[in-house]
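Enquirer: build me a model:
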Amino acid sequence: MNIIDELEWREAINQQTDEEGLRELIGSKSVSLYCGVDPTGDSMHIGHLIPFMMLKRFQQAGHRPVILIGGATGTIGDPSGRQSERSLQTLEQVQDNVNALTAQLKKLFVTEGDNQVRMVNNYDWTHQINVIEFLRDYGKNFNLNTMLAKDVVASRLEDGISFTEFSYQILQSLDYLHLYKNEDVQLQIGGSDQWGNITSGLDLIRKKEGSEAKAYGLTIPLMLKADGTKFGKSAGGSIWLDPNKTTPFEFYQFWANTDDRDVVKYLKYFTFLSKEEIEALAQKVETEPHKREAQKALAEEMTRFVHSEEMLEQAKRITAALFSGDIRSLTADEIEQGFKEMPTFETEGEAKNIVDWLVDLGLEPSKRQAREDITKGAISLNGEKVTELEFTVSAEKAIGGKFIIIRKGKKNYSLVKLK
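Expert: Numbering: from 1, shown residues only. Prediction:
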């Protein structure tokens with residue numbers, strides 16, 4: 001399948017600057033294309049990942065991806081999709097973020113061979129441009145009325161926009177011009193909110209390089225969930241690629257809990273499963289939704305891609321243990337992941353009667369209630385029922401010497417940490 005045809009089947013194209021011209025170009029040769037991200041933080045979240053999945057598809061089709069980390073634009077602030085000014089970061093913080101995002105993205109792309117990913121930083125070609133050069137060589141090519149009409153600027157005029165953020169589109173246009181001239185880049189892809197920046201870059205290329213310059217732009221649709229809310233967030237906030245911010249287990253669970261109405265769309269956007277495989281899973285959603293086979297496939301594909309096969313297997317072990325109640329099969333690290341969002345209590349490790357221990361922690365409101373729950377078999381410690389009122393809880397009971405998991409009833413889990 002032609003890469004453009006595939007992207008259309010996956011419903012991954014929002015706008016193109018010249019559909020016919022791009023299709024002809026891609027059909028005739030291997031092209032260089034780029035996508036950028038500003039280092040506003042030290043990790044991307046899954047919303048950032050969408051255009052990079054498209055970049056990866058181009059790489060798999062034999063094209064040459066260029067990833068731009070905005071070491072310069074990140075110090076300015078992209079006004080796209082925002083109602084207010086960004087807080088400026090220090091140059092040191094921006095550089096730390098550049099290093100973190102570079103390492104993160106290198107894990108996701110082929111880094112060897114003819115179509116290996118190239119990583120660039122726009123700070124390298126902008127930091128030596130002085131204000132006179134900026135205004136004469138670049139600013140002169142931008143019409144103020146055109147800039148004001150761009151959605152990203154027009155939406156901010158009522159509340160105000162600084163000259164700094166207003167100038168962002170010039171800097172991003174300079175990026176495309178530089179990559180066109182020096183890296184043979186002929187296509188920029190980005191989210192739908194980047195359309196104005198992309199077309200500004202194309203205008204600058206044609207003014208500088210001639211109206212026949214073969215350069216193109218393509219954007220990805222804005223992704224919303226079936227209920228109309230923004231994609232990429234859970235009750236705990238954004239779903240990050242950094243395992244220290246969102247554990248592989250939490251990452252796996254996010255995808256595994258996808259709504260039936262969204263799962264086929266996500267399979268198309270985020271996985272490299274074939275059309276036939278996705279259509280078979282779509283049929284399962286219709287005929288056997290209770291098995292959640294599409295969600296499991298999505299969770300497995302994404303966790304493997306972003307983290308690793310090892311982290312995927314760990315996430316599946318935690319999931320299976322929580323479902324079966326076999327807590328003792330987990331390591332201390334796996335417990336920390338699986339119970340991260342559950343009620344957590346801390347205690348010293350001295351030996352204590354189970355009734356007193358439950359009341360002292362606040363897990364039971366009274367000794368009477370504790371005794372009643374124990375004798376009824378409603379209390380489990382590390383997956384094993386406790387029915388003896390004389391049972392003693394001690395540090396030896398802790399998994400990895402650190403954690404004791406209490407389950408009250410069928411679903412009420414609590415994590416107890418030993419100090």
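
Enquirer: now do the contacts for Ser366.
Expert: Neighbour list for Ser366: Val359 [criterion: C-beta atoms under 8 Å, 6 or more residues apart in numbering]. Yep, even glycine has a C-beta here, placed from its N, CA and C like the rest.

Enquirer: quick one, phi psi at it?
Expert: As for Ser366, its main-chain torsions (degrees, to the nearest 10) stand at phi -160, psi 160.

Enquirer: go on, Glu293?
Expert: Note on Glu293: its backbone torsions stand at phi -70, psi -40 [degrees, to the nearest 10].

Enquirer: neighbours of it, how many?
Expert: Residues near Glu293, counting by other C-beta atoms under 10 Å, number 16.

Enquirer: same deal with the one 5 residues further on?
Expert: Residues contacting Leu298 under the criterion other C-beta under 10 Å number 27.

Enquirer: list the residues that contact it.
Expert: Listed by C-beta under 8 Å, 6+ apart, the contact set of Leu298 reads Trp255, Ala256, Thr258, Val263, Tyr266, Leu267, Phe270, Thr271.

Enquirer: find the nearest non-adjacent residue to the residue of the chain most remote from its centre, please.
Expert: In the chain, counting by C-alpha atoms, centre = their mean, Glu390 sits farthest out from the average C-alpha position, at 49.0 Å. Nearest non-adjacent residue to Glu390, counting by C-beta to C-beta, 6 or more residues apart in numbering: Asn353, 7.0 Å away.

Enquirer: next, find the distance separating the one you found from Arg371.
Expert: Distance, Asn353 to Arg371, using C-beta to C-beta, to the nearest Å: 11 Å.

Enquirer: how about Ala12?
Expert: Distance from Ala12 to Arg371, by C-beta to C-beta: 60 Å.

Enquirer: mind checking which of these two has more residues around it?
Expert: A count of neighbours by other C-beta under 10 Å puts Ala12 above the other of Ala12 and Arg371, at 22 against 16.

Enquirer: report the contact partners of the more buried one.
Expert: Applying C-beta under 8 Å, 6+ apart, we find Ala12 in contact with Met54, Ile220, Pro221, Lys268, Tyr269.

Enquirer: what about the first one, how many neighbours?
Expert: Here the number of neighbours of Met54 (other C-beta under 10 Å) works out to 24.

Enquirer: state the helix or strand in which it lies.
Expert: Using DSSP states H and E, the element containing Met54 is helix 46-60.

Enquirer: give me the buried positions along stretch 9-22.
Expert: Within stretch 9-22, the residues scored as buried using 16 or more other C-beta atoms under 10 Å are Arg10, Ala12, Ile13, Gln16, Thr17, Leu22.

Enquirer: again but with stretch 133-152, I slipped
Expert: Within stretch 133-152, the residues that count as buried by 16+ other C-beta under 10 Å are Phe134, Tyr138, Asn141, Phe142, Met147, Lys150, Val152.

Enquirer: just the ones of the residues you listed in helices?
Expert: The helices, defined by DSSP state H, take in Met147, Val152 from the buried residues of stretch 133-152.

Enquirer: let's have the buried residues of stretch 133-152 in CSV, adding pLDDT.
Expert: CSV is the format used below for the buried residues of stretch 133-152 (pLDDT from 0 to 100):
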residue, pLDDT
Phe134, 91
Tyr138, 91
Asn141, 91
Phe142, 90
Met147, 82
Lys150, 78
Val152, 75
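
Enquirer: so which of the buried residues of stretch 133-152 is the closest to Pro39?
Expert: Of all those, Val152 has the smallest distance to Pro39: 19.5 Å, by C-beta to C-beta.

Enquirer: does that closest one touch Pro79 like I think?
Expert: Yes - shown here, Val152 and Pro79 form a contact pair, counting by C-beta atoms under 8 Å, at 5.4 Å.

Enquirer: got a winner among the contacts of Leu298 for most neighbours?
Expert: Val263 (28 neighbours).

Enquirer: leaving out chain neighbours, which residue sits closest to that one?
Expert: Nearest one to Val263, counting by C-beta to C-beta, 6+ apart, is Ala294 at 4.5 Å.

Enquirer: quick one, the helix or strand containing the one you found and helix 46-60 angle?
Expert: If you go by DSSP H and E, Ala294 is part of helix 293-306. Counting by axes from the mean of the first three to the mean of the last three C-alpha atoms, to 10 degrees, helix 293-306 points 80 degrees away from the direction of helix 46-60.

Enquirer: pLDDT on helix 293-306, on average?
Expert: For helix 293-306, mean pLDDT rounds to 96.

Enquirer: chain center to that helix, what's the gap?
Expert: Centre-to-centre, helix 293-306 and its host chain are 14 Å apart (C-alpha atoms, centre = their mean, to the nearest Å).
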